[in-house]
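Novice: here you go, sequence then predicted model.
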2 protein chains.
Amino acid sequence: MAEPSDFKAEPPAGIDPIGASSEGASLYELIREDIIEGRLAANERLVVSDLARRHGTSTNPVREALQLLRGEGFVTFAPNRGARVRPIDQDFVRDIYEIGVLIEPALTRWFVNMATVEDIAELERIQDLIEENNFADTFRHSELDTAFHTVMYQRHYNRHAAELWWKHREVLRAVSRRFDFTLARRAAILREHRELIALVKAGDADKAAELVARHVEGSGRHILEHMRARNAARAG
Amino acid sequence: MAEPSDFKAEPPAGIDPIGASSEGASLYELIREDIIEGRLAANERLVVSDLARRHGTSTNPVREALQLLRGEGFVTFAPNRGARVRPIDQDFVRDIYEIGVLIEPALTRWFVNMATVEDIAELERIQDLIEENNFADTFRHSELDTAFHTVMYQRHYNRHAAELWWKHREVLRAVSRRFDFTLARRAAILREHRELIALVKAGDADKAAELVARHVEGSGRHILEHMRARNAARAG
DNA sequence: ACGAGCTGGATCGTACATTGTTTATCGAAA
DNA sequence: TTTCGATAAACAATGTACGATCCAGCTCGT
């Protein structure tokens, strides 16, 4: 969170976004993006030689990228049958937002007790931008919303929990980009953010945690409903 | 959970313990064991060519195993500077047991509402074995204790949460094997298990969840205290 | 329908090129 | 003589290439 203008969603400090070398890293990111963004279909086979050809590298970096993705759960392996895209389906989304409902309130509770004046000012600034944008640019909204929550979680001492949150967040962000926010959901997001800021100011950790649980729950349900609707439309 | 006699701790169904090929899998497991069990020191460099020589393979499988471990968080990478062992230190343990405190109660809550007569009988059977063993064989206790909780979580619909629990459990199990249980802790474990079974029988999900939170918290604190004591002893 | 053989691709091994990091050495300045 | 900095050599990570082997799934002939 450096400059006032740039709001590229960034991971909380200390979470390495890349980690490998130049080639391998980009390969990893490219494949990962393809999976999260849905460009690679669920359960699609990931043929090493194809990927190598497509990205203009040899097979070795591809294999390493796939193993890395396997470790992170985006790719499944069957012995001697290679890799497949783990489907980002309703079950997957439900699983990770449910974990969010359990973890985020705890992160929030800590934040409420540690928040500085600057933190609160930052939250309000981002919230102003969110309201100014008012879902006109959904991509921008997504970035700002992520930034809002990152402010709260980025300095938490439990790096594992923060990292887990971030990874889940990235998936949900990508999925939700495929849908529009309903008017009801838009109103709820704005209301809950404002309410959350008020609770942080008041130092009411319990109520803030409870609110965040509702907020995450609502967000997850909203995404799931969209996915269900789309699947029904496709099937019908 | 097949035969009455064997209680090798096993992951909940659907969590692939291996996944890769024969060679690569064993390599992955060997290195992973070395890290978790503490045979590889914290932050120790993992030189690909060394590992390849030591395990009698070429460098390729080693590199893939390391990437997989990176994805799972056991190894850190610095570009062009290779891999290092992620230290399993107090912070690490604290982070994952705190996440357990958040997740396990939710898993338990579900189990209480879904438990069959057979499930409860299984819990009691394992608990009998735990009490029969009475910490005489600490390794066996560890296996039985894991089996006890696996019965509760293995059929949970949220595979992500169950998998997360299992991965964390493996680490904590390995760490706690290096220490003895204090008498107080032993008593608490037995008491809480019995109490938990009673609450499951009574169908009291709220109290069961609360108890599990205390149980996990107590277990985590116990391990942390041991680690602190050992570190203090080493430093003094 | 069924089984033998074929084939694609995964897996692993080996060798080597390139590139970046670390370390040791050497010379110049203090 | 010691210290500092530059340079070079050693080391290791990363990427490429290619060949061997093995297995799952498919084809084709019966």
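Specialist: Perfect, thanks for sending it.
Novice: so what's whatever residue of chain A ends up closest to chain B up against?
Specialist: In chain A, the residue that lies nearest chain B is A:G71 (1.7 Å; CB to the nearest CB). Backbone N, C-alpha and C define where each C-beta goes, glycine included. Neighbour list for A:G71: B:Q67, B:L68, B:L69, B:R70, B:G71, B:E72, B:G73 [criterion: CB atoms under 8 Å, 6 or more residues apart in numbering or on different chains].
Novice: TSV for the residues you listed, including pLDDT?
Specialist: Formatted as TSV, the entries for the contacts of A:G71 read as follows, by pLDDT from 0 to 100:
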residue	pLDDT
B:Q67	92
B:L68	91
B:L69	93
B:R70	93
B:G71	91
B:E72	90
B:G73	90
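Novice: now for these: which two are most distant?
Specialist: Greatest spatial distance among the contacts of A:G71 (CB to CB): B:Q67 and B:G73, at 12.2 Å.
Novice: looking at those two, which one has more neighbours?
Specialist: A direct count of neighbours by other CB atoms under 10 Å in any protein chain shown for B:Q67 and B:G73 places B:Q67 higher, at 27 against 17.
Novice: hang on, isn't the more buried one packed against A:N60?
Specialist: No. Applying CB atoms under 8 Å, one finds B:Q67 not in contact with A:N60, separated by 10.8 Å.
Novice: what's the closest non-adjacent residue to A:A213?
Specialist: Take A:A213 and drop its neighbours on the chain: the residue closest to it by CB to CB, 6 or more residues apart in numbering or on different chains is A:P105, 4.7 Å away.
Novice: did I read that right, the one you found in a strand?
Specialist: No. If the criterion is DSSP: H, G, I helix; E, B strand; the rest coil, then A:P105 is helix and not within a strand.
Novice: and stretch A:57-65, how far from the chain's centre?
Specialist: Computed by CA atoms, centre = their mean, to the nearest Å, the chain-centroid distance of stretch A:57-65 equals 26 Å.
Novice: contacts (any at all) between DNA strand D and it?
Specialist: Yes. Contact of stretch A:57-65 with DNA strand D (CB under 7 Å from any atom of the strand) involves A:T57, A:S58, A:T59, A:N60, A:P61, A:E64.
Novice: contacts for that stretch?
Specialist: By CB under 8 Å, 6+ apart, stretch A:57-65 touches A:20, A:23-24, A:27-28, A:31, A:48-49, A:51-52, A:55, B:60, B:63-64, B:67.
Novice: from the centroid of chain A, which residue is nearest?
Specialist: By CA atoms, centre = their mean, chain A has its centre lying nearest to A:R169, at 1.8 Å.
Novice: would you mind naming what in chain A lies close to chain B?
Specialist: A:16, A:18-22, A:25, A:60, A:63-65, A:67-73, A:76-80, A:91-92, A:94-96, A:98-99, A:102-103, A:106, A:157-161, A:164 (CB under 8 Å from any CB of the partner chain).
Novice: which of those residues are buried? Put it as a PyMOL command.
Specialist: Buried subset of the residues of chain A next to chain B, written as a PyMOL selection, criterion 16 or more other CB atoms under 10 Å in any protein chain shown:
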select buried, chain A and resi 19+20+21+25+60+63+64+65+67+68+69+70+71+72+73+76+77+92+94+95+96+98+99+102+103+106+158+160+161+164
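Novice: roughly how far does A:E37 sit from DNA strand D?
Specialist: The gap separating A:E37 from DNA strand D is 22 Å, by CB to the nearest atom of the strand, to the nearest Å.
Novice: which element is the residue nearest to that residue when sequence neighbours are not counted on?
Specialist: Leaving out its chain neighbours, the residue that sits closest to A:E37 by CB to CB, 6+ apart is A:A174, at 5.4 Å. A:A174 belongs to helix A:159-176 when assigned by DSSP states H and E.
Novice: that helix to helix B:159-176, inter-axis angle?
Specialist: Here the directions of helix A:159-176 and helix B:159-176 differ by 160 degrees (axes from the mean of the first three to the mean of the last three CA atoms, to 10 degrees).
Novice: which of the residues in helix A:159-176 are buried?
Specialist: By neighbour count, with 16+ other CB under 10 Å as the criterion, the buried positions of helix A:159-176 are A:160-176.
Novice: show me where chain A has strands.
Specialist: In chain A, the strands defined using DSSP state E lie at A:45-46, A:75-78, A:82-85.
Novice: let's have those in TSV, adding mean pLDDT and distance to B:S142.
Specialist: TSV is the format used below for these (pLDDT from 0 to 100; distance: least, CB to CB, whole Å):
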stretch	mean pLDDT	distance to B:S142
strand A:45-46	92	37
strand A:75-78	91	29
strand A:82-85	92	33
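Novice: rebuild the ones you listed as CSV, extending it with distance to A:A213.
Specialist: Shown next, in CSV, are these (distance: least, CB to CB, whole Å):
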stretch, distance to A:A213
strand A:45-46, 36
strand A:75-78, 31
strand A:82-85, 31
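Novice: state the pLDDT value of the residue in chain A sticking out farthest from the centre.
Specialist: No residue in chain A sits farther from the centre than A:N80, which is 32.1 Å out by CA atoms, centre = their mean. Per-residue pLDDT puts A:N80 at 84.
Novice: contact partners for the residue in chain A positioned nearest to DNA strand C?
Specialist: Nearest residue of chain A to DNA strand C, counting by CB to the nearest atom of the strand: A:G82, 2.9 Å away. A:G82 makes contacts with A:R45, A:L46, A:V47, A:V48, as judged by CB under 8 Å, 6+ apart.
Novice: quick check: beta-bridge partners of it?
Specialist: Beta-bridge pairing for A:G82 (DSSP bridges): A:A78.
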